[in-house]
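[1] how would this look folded up:
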Amino acid sequence: MSKLHARSSGQQGALALSSKNHTSHSGTKMASQYYQEMQESFRNNSKSREFPAHSAKVHSVAWSCDGRRLASGSFDKTASVFVLEKDRLVKDNNYRGHGDSVDQLCWHPNNPDLFVTASGDKTIRIWDVRTTKCIATVNTKGENINICWSPDGQTIAVGNKDDVVTFIDAKTHRSRAEEQFKFEVNEISWNNDNDMFFLTNGNGCINILSYPELKPIQSINAHPSNCICIKFDPTGKYFATGSADALVSLWDVEELVCVRCFSRLDWPVRTLSFSHDGKMLASASEDHFIDIAEVETGEKLWEVQCDSPTFTVAWHPKRPLLAYACDDKEGKYDNNREAGTVKLFGLPNDS
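    Numbers count the residues shown, from 1 in each chain. From the prediction side, this is the model:
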């Protein structure tokens, strides 16, 4: 079922987990040099700017691997691609063809021209920004809500509302494998080494399968309630999960142990993103701010103020620039403002 519609249900459990795993850093002697540098950077570059993208709310934003383009997928059944020019997003194209909401999209891990969209219309589509055309439409069995591209670029995994994950060959566009799970599958991801496949589920667990064999390796009880999202850091050291208990937990990839929790949000954590250097973690929810934490200490580095719940966040792959998209402000649009905007945070204050 869709990870976007999870609601907070485990606040009591959250408190128990939080007090057990979350260390207070009030006694830390001195903030790290990185912390001080990034605080200074955000003080000078704390501007957010909006860019019209769609006619309805945006579900997903993602950067191409070279950081030149940002793609967004929307409830309006389209995807949009922007080119980043200096500190502006310039609309490049709108991609039409899906018959239902585009719930998630992602780029090829090392080809900056290809991206793939997952839709409720029971298809995925692969697009090429050079021709602005759909180069493949792959039919799937259910309404798709989650998609990811393997780090080696060879396989696309897509999850649907019936908890089926289909593995599609990125070259032939044919299904390689299909797995039906007996639990609610939320977000899916390969590890950076491409030899394990991770799922977050509705029972608060992280399920790990070997890849490509897809044999169960481990199931980790990560949270007392629904595990919604998962992200791996670019260095391969950690992964993070966000839960309906409003906690973000950080895990050591090698040891598969929880290193720390981030507990500043009050609502189910919908979306996560690690910065390009793996040192910052952005997390967002129905709270009207995005939390930016220093990964190694758990300290709050910055808070990005928002007018409404945030669906999706994505750090730029080379610089401290955060793309994000918020929910429509229940009918409170002023006339000169469109629904379905994407936003950039980290722009110079004088821009």
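[2] wasn't Tyr35 part of a helix?
    Yes. Tyr35: assigned to a helix according to DSSP: H, G, I helix; E, B strand; the rest coil.
[3] in contact with the nearest residue to it once chain neighbours are set aside, which residues?
    The shortest distance from Tyr35 to any non-neighbouring residue, by CB to CB, 6 or more residues apart in numbering, is to Glu294 (5.3 Å). Quick note: C-beta positions are derived from backbone N, CA and C, even for glycine. Applying CB atoms under 8 Å, 6 or more residues apart in numbering, one finds that Glu294 lies in contact with 32, 34-35, 38, 279-280, 300-301.
[4] now Phe239
    Under the criterion of CB under 8 Å, 6+ apart, the contact list for Phe239 reads 189, 191, 198, 230-233, 250-251, 253.
[5] could you say which helix or strand contains it?
    Secondary structure assignment for Phe239, by DSSP states H and E: strand 238-243.
[6] next, give phi and psi for Ala62.
    As for Ala62, its main-chain torsions (degrees, to the nearest 10) stand at phi -160, psi 140.
[7] quick one: contacts for it?
    Applying CB under 8 Å, 6+ apart, the residues contacting Ala62 are 70-71, 105-107, 115, 314.
[8] and the helix or strand hosting Leu70, what does it pack onto?
    Remark: Leu70 resides in strand 69-74, with elements defined by DSSP H and E. Here strand 69-74 is seen to pack against strand 58-63, strand 79-85, strand 102-107 when contacts are counted using 3 or more CB pairs under 8 Å, 6 or more residues apart in numbering; DSSP states H and E.
[9] make TSV out of those strands and add mean pLDDT.
    Listed next are the helices and strands packed on strand 69-74 as TSV, based on pLDDT from 0 to 100:
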stretch	mean pLDDT
strand 58-63	97
strand 79-85	98
strand 102-107	98
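[10] could I get those as a markdown table with distance to Ala157?
    Converted to a markdown table, the helices and strands packed on strand 69-74 look like this (distance: least, CB to CB, whole Å):
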| stretch | distance to Ala157 |
| --- | --- |
| strand 58-63 | 15 |
| strand 79-85 | 19 |
| strand 102-107 | 10 |
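[11] buried deepest among these, which one?
    Mean neighbours per residue, mean count of other CB atoms under 10 Å, is largest over the helices and strands packed on strand 69-74 for strand 102-107, with a mean of 26.
[12] can you give the distance from it to the centre of its chain?
    The offset between the C-alpha centroid of strand 102-107 and the centroid of the whole chain comes to 10 Å, using CA atoms, centre = their mean, to the nearest Å.
[13] that one pairs with which strands?
    Sheet partners assigned to strand 102-107 using DSSP bridges are listed as strand 114-119 (antiparallel).
[14] the strand it pairs with to strand 69-74, inter-axis angle?
    10 degrees (axes from the mean of the first three to the mean of the last three CA atoms, to 10 degrees).
[15] circling back: could you measure from the residue nearest to Tyr35 over to Asp113?
    With distances taken as CB to CB, to the nearest Å, Glu294 is found 34 Å from Asp113.
[16] swap in Gln154?
    Counting by CB to CB, the gap between Gln154 and Asp113 amounts to 17 Å.
[17] any idea what Ser273 is bridged to?
    When bridges are called by DSSP bridges, Ser273 pairs up with Ala282.
[18] for it, report the pLDDT, please.
    According to the predicted model, the pLDDT of Ser273 comes to 98.
[19] tell me the contacts of it?
    In this structure, Ser273 makes contact with 231, 281-282, 313-315, 322, judged by CB under 8 Å, 6+ apart.
[20] between those residues, which is nearest Ser119?
    Within the set of these, Ala314 lies nearest Ser119; the separation is 19.2 Å, counting by CB to CB.
[21] part of a helix, is the closest one?
    No. The secondary structure assignment for Ala314 gives strand rather than a helix, going by three-state DSSP.
[22] so how far is Glu254 from it?
    Separation of Ala314 from Glu254 (CB to CB): 26 Å.
[23] the more surrounded of those two?
    Each of Ala314 and Glu254 has its neighbours counted (other CB atoms under 10 Å); Ala314 has more, 25 against 9.
[24] hmm, that one is touching Ala325, no?
    No. Here Ala314 does not reach Ala325: they are 9.3 Å apart, not a contact under CB atoms under 8 Å.
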